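S.K.: got a sequence here, can you build the structure:
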Amino acid sequence: MSSAPRVPDSPDPGRPPVTLPRLQEMKEAGTPIVMVTAYDFPSARAAEAAEVDVVLVGDSAAMTVLGYDTTVPVGMDEMLMLARAVRRGLRTPLLVGDLPFGSYEASDEAAIATAQRFVKEAGCDAVKLEGGGSSVDRARAIARAGIPVMGHVGLTPQTATALGGYRAQGRTAQRAADVARSIEQHLGFAFWARDWMQMNRNLFSALKLEKTMMFLLLVLITIVASFNIVSTLTMIVTEKQREIAILKAMGATRKGIMRIFMLNGLIIGCSGAAIGVPLGYAFLWLIQTFWTFDPTVYYISRIPVHVLGSDVLLVAGSAILISFVATLYPSLQAAKLDPAAALRYE
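M.R.: Coordinates of the predicted model:
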């Protein structure tokens with residue numbers, strides 16, 4: 001028994017087709033761009049009804065639709081068949097075809113020919129290929145042939161074997177920026193690439209400012225603590241005038257007296273850093289482990305914690321340095337003490 005397929009209602013017929021200039025306008029205006037993957041006519045019609053902006057016919061269809069274990073075996077003919085089905089179900093979204101493994105790596109000519117088949121035979125508006133390196137050269141060749149190219153970093157299934165499994169690439173800020181810069185250099189004028197930090201520049205600027213203010217706050221706290229060291233050592237100098245005078249009478253030099261108090265302050269600073277750093281790490285571990293949020297309400301479920309060794313060394317070094325500097329005044333007072341005046345009333 002068969003029945004007619006249930007096709008979603010068509011969207012607003014007045015909605016214009018999504019083009020690359022339109023996507024650029026949305027990006028500059030901060031309008032979210034909605035992109036989904038579709039593999040057949042029904043899913044394409046659902047994307048059309050939802051007024052999705054970009055639809056990708058991904059090579060992941062090899063595993064989700066065609067039953068392959070990986071994305072590597074899927075061929076051009078299979079991808080074109082899927083892309084044609086999706087094209088028949090779309091009217092307004094921008095359609096992107098995914099170049100399958102082995103169809104573009106050999107040469108620029110092979111990459112251009114493969115991209116042209118997606119445009120001519122399947123009606124795609126753009127093509128997508130994975131990774132950086134030599135893929136950047138292929139992207140440049142395809143773009144120069146007049147076909148828009150979408151780059152792909154992150155989880156790259158086509159190179160999973162070389163990576164030892166499904167591992168996301170370009171996850172660090174530096175790596176993402178390097179890939180974007182390489183793409184721009186190879187494609188030349190009129191093409192742009194933006195990494196995730198540039199696309200969220202305001203957020204990262206705020207985080208950088210917050211990080212700077214937190215560092216200044218920690219330094220100020222350390223400075224306040226250093227005043228406690230100054231007052232403590234000054235009181236010790238006042239209380240230990242007799243002992244200091246006896247040491248100087250026995251031949252202790254001014255430099256020797258200064259070294260005693262400076263060493264005392266250095267020990268205080270190093271001890272504080274040695275205790276504070278492990279406690280700080282323990283506090284961050286507790287935050288990351290037990291302080292959770294409802295992911296249905298917030299964008300994150302846990303506070304991301306990433307400790308930089310350079311920051312730890314900078315804070316600890318600043319604490320030790322300030323503690324050491326705090327001993328200079330009490331040390332000078334102790335070194336200038338006159339033994340005769342100190343012992344006169346003893």
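S.K.: which element follows the top helix by length along the chain toward the C-terminus?
M.R.: Scanning the chain for the helix with the most residues, using DSSP state H, yields helix 201-239. Remark: after helix 201-239, the chain's next helix or strand is helix 241-249, criterion DSSP states H and E.
S.K.: alpha carbons only: can I get that following helix in PDB?
M.R.: The C-alpha atoms that make up helix 241-249 are tabulated as PDB, following Å, rounded to 0.1, in the frame of the first residue of the first chain:
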ATOM      1  CA  GLN A 241      66.700  47.100  68.100                       C
ATOM      2  CA  ARG A 242      68.800  45.600  70.900                       C
ATOM      3  CA  GLU A 243      69.600  42.400  68.900                       C
ATOM      4  CA  ILE A 244      70.400  44.500  65.800                       C
ATOM      5  CA  ALA A 245      72.700  46.700  67.800                       C
ATOM      6  CA  ILE A 246      74.500  43.700  69.300                       C
ATOM      7  CA  LEU A 247      75.000  42.200  65.800                       C
ATOM      8  CA  LYS A 248      76.400  45.500  64.500                       C
ATOM      9  CA  ALA A 249      78.700  45.800  67.600                       C
END
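S.K.: now it: buried residues?
M.R.: Neighbour counts using 16 or more other C-beta atoms under 10 Å place 241, 244, 245, 247, 248 of helix 241-249 among the buried residues. Heads up, the C-betas are built off the backbone N, CA and C, glycines and all.
S.K.: got these as a markdown table, with pLDDT columns?
M.R.: Below are the buried residues of helix 241-249 laid out as a markdown table (pLDDT from 0 to 100):
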| residue | pLDDT |
| --- | --- |
| 241 | 79 |
| 244 | 79 |
| 245 | 81 |
| 247 | 82 |
| 248 | 79 |
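S.K.: which parts of the longest helix of the chain are buried?
M.R.: Those would be 218, 222, 225, 226, 229, 230, 232, 233, 236, 237, for helix 201-239 by 16+ other C-beta under 10 Å.
S.K.: residue ranges with poor pLDDT in the stretch 201-346 of the chain?
M.R.: 297-300, 342-346 (pLDDT under 70).
S.K.: now do the helix or strand containing residue 289: distance to the chain's middle.
M.R.: Taking DSSP H and E as the criterion, residue 289 maps to helix 254-290. On the basis of C-alpha atoms, centre = their mean, to the nearest Å, helix 254-290 sits 31 Å off its chain's mean C-alpha point.
S.K.: contacts only, for the residue nearest to residue 305 when sequence neighbours are not counted.
M.R.: The spatial neighbour of residue 305 that comes closest, neighbours along the chain excluded (C-beta to C-beta, 6 or more residues apart in numbering), is residue 288 at 4.5 Å. Contacts here follow C-beta atoms under 8 Å, 6 or more residues apart in numbering; on that basis residue 288 touches 302, 303, 304, 305.
S.K.: now residue 288: how far from residue 149?
M.R.: 39 Å (C-beta to C-beta, to the nearest Å).
S.K.: domain ranges for this protein, per the record?
M.R.: 20-199, 201-343 (automatic domain parsing).
S.K.: need the contact list for the closest residue to residue 323 other than its chain neighbours.
M.R.: Leaving out its chain neighbours, the residue that sits closest to residue 323 by C-beta to C-beta, 6+ apart is residue 269, at 2.8 Å. By C-beta under 8 Å, 6+ apart, the contact set of residue 269 is 229, 319, 320, 321, 322, 323, 324.
S.K.: quick revisit: ok, of the contacts of residue 288, which come out buried?
M.R.: Looks like the contacts of residue 288 have none buried, using 16+ other C-beta under 10 Å.
S.K.: so can I have TSV of those showing secondary structure and distance to residue 334?
M.R.: Converted to TSV, those look like this (DSSP: H, G, I helix; E, B strand; the rest coil; distance: C-beta to C-beta, whole Å):
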residue	secondary structure	distance to residue 334
302	strand	51
303	coil	47
304	coil	48
305	coil	44
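S.K.: now what about stretch 291-305, what contacts it?
M.R.: Outside stretch 291-305, the residues within contact range by C-beta under 8 Å, 6+ apart are 284, 285, 287, 288.
S.K.: can you lay out the residues you listed as CSV showing distance to residue 84?
M.R.: Output for the contacts of stretch 291-305, formatted as CSV (distance: C-beta to C-beta, whole Å):
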residue, distance to residue 84
284, 53
285, 53
287, 52
288, 48
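S.K.: among those, list the two that are farthest apart in space.
M.R.: 285 and 287 (7.3 Å; C-beta to C-beta).
S.K.: winner for burial among the domains of the chain?
M.R.: For these, average neighbour numbers computed from mean count of other C-beta atoms under 10 Å are highest in domain 20-199, which has a mean of 18.
S.K.: where's it relative to the chain centroid, distance-wise?
M.R.: 22 Å.
S.K.: export the host helix or strand of residue 115 to CSV, keeping only CA atoms.
M.R.: Assigned by DSSP H and E, residue 115 falls within helix 108-122. C-alpha atoms of helix 108-122 as CSV (Å, rounded to 0.1, in the frame of the first residue of the first chain):
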residue,chain,number,x,y,z
ASP,A,108,43.7,22.2,-9.7
GLU,A,109,42.2,21.0,-12.9
ALA,A,110,40.6,18.0,-11.2
ALA,A,111,39.2,20.3,-8.5
ILE,A,112,37.7,22.7,-11.1
ALA,A,113,36.2,19.9,-13.1
THR,A,114,34.6,18.4,-10.0
ALA,A,115,33.2,21.8,-8.9
GLN,A,116,31.8,22.4,-12.3
ARG,A,117,29.9,19.1,-12.3
PHE,A,118,28.2,20.1,-9.0
VAL,A,119,27.2,23.5,-10.6
LYS,A,120,26.1,22.2,-14.0
GLU,A,121,24.6,18.8,-13.2
ALA,A,122,23.2,19.3,-9.7
